[in-house]
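# Need a 3D model of the following:
(chains A, B and C)
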Amino acid sequence: MLIAQGQNLASQVYRLTRRVPRGRVTTYQAIACALGRPRAFRAVGNALNKNPYAPQVPCHRVVRSNGKVGGFAGGTRKKIMMLKQEGVKIKNNKIDLSEYLYDFKRKR
DNA sequence: ACGGTGACGCTCA
DNA sequence: TTGAGCGCCACCG
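Residues are numbered from 1 along each chain as shown, chains lettered A, B, ... in the order given. Okay, here's the model as predicted:
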């Protein structure tokens, strides 16, 4: 199933989130900023919540800017477990963004 | 068109 | 440091 490349906020979010490699994470704000709407981090979360491309779009790799895992359609607990499984260690329900944060603009 | 909701973020106390 | 409040944008009824 291909990702719809529409002009919608959601489509942009999916395409970007999909680039996040395993063992890395990103934040809602980072995505919004990368899309040129640093104030749309809310909409980003909404889009991921609906995320119709579950396996293709690693929405579980998207966390909050404060290091918190955030929420997850299947339960935050599950999200944390998935991240740990990919190599992302979580400290007290928090993630070291300084170590796992993936920069989009780093290479297109 | 309007109002409410949501997987958020920042500031203030 | 932690908690509460306000602001933000997009989608749905």
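# quick one: contacts for the residue in chain A that DNA strand C sits nearest to?
For chain A, the residue closest to DNA strand C is A:Ala43, as judged by Cβ to the nearest atom of the strand, at 2.8 Å. (C-beta placed from N, C-alpha, C; glycine too.) Shown in contact with A:Ala43 (Cβ atoms under 8 Å, 6 or more residues apart in numbering): A:Leu9, A:Ala32, A:Arg37.
# tally of neighbours for the residue lying closest to A:Ala34 once chain neighbours are set aside?
Closest residue to A:Ala34 apart from its sequence neighbours, by Cβ to Cβ, 6 or more residues apart in numbering: A:Phe104 at 4.2 Å. Using other Cβ atoms under 10 Å, A:Phe104 has 16 other residues around it.
# Got the phi and psi for A:Phe104?
Here is the backbone geometry of A:Phe104 (degrees, to the nearest 10): phi -70, psi -50.
# Make sure it is actually in contact with A:Thr27.
No. The criterion here is Cβ atoms under 8 Å, and A:Phe104 misses it with A:Thr27 at 10.6 Å.
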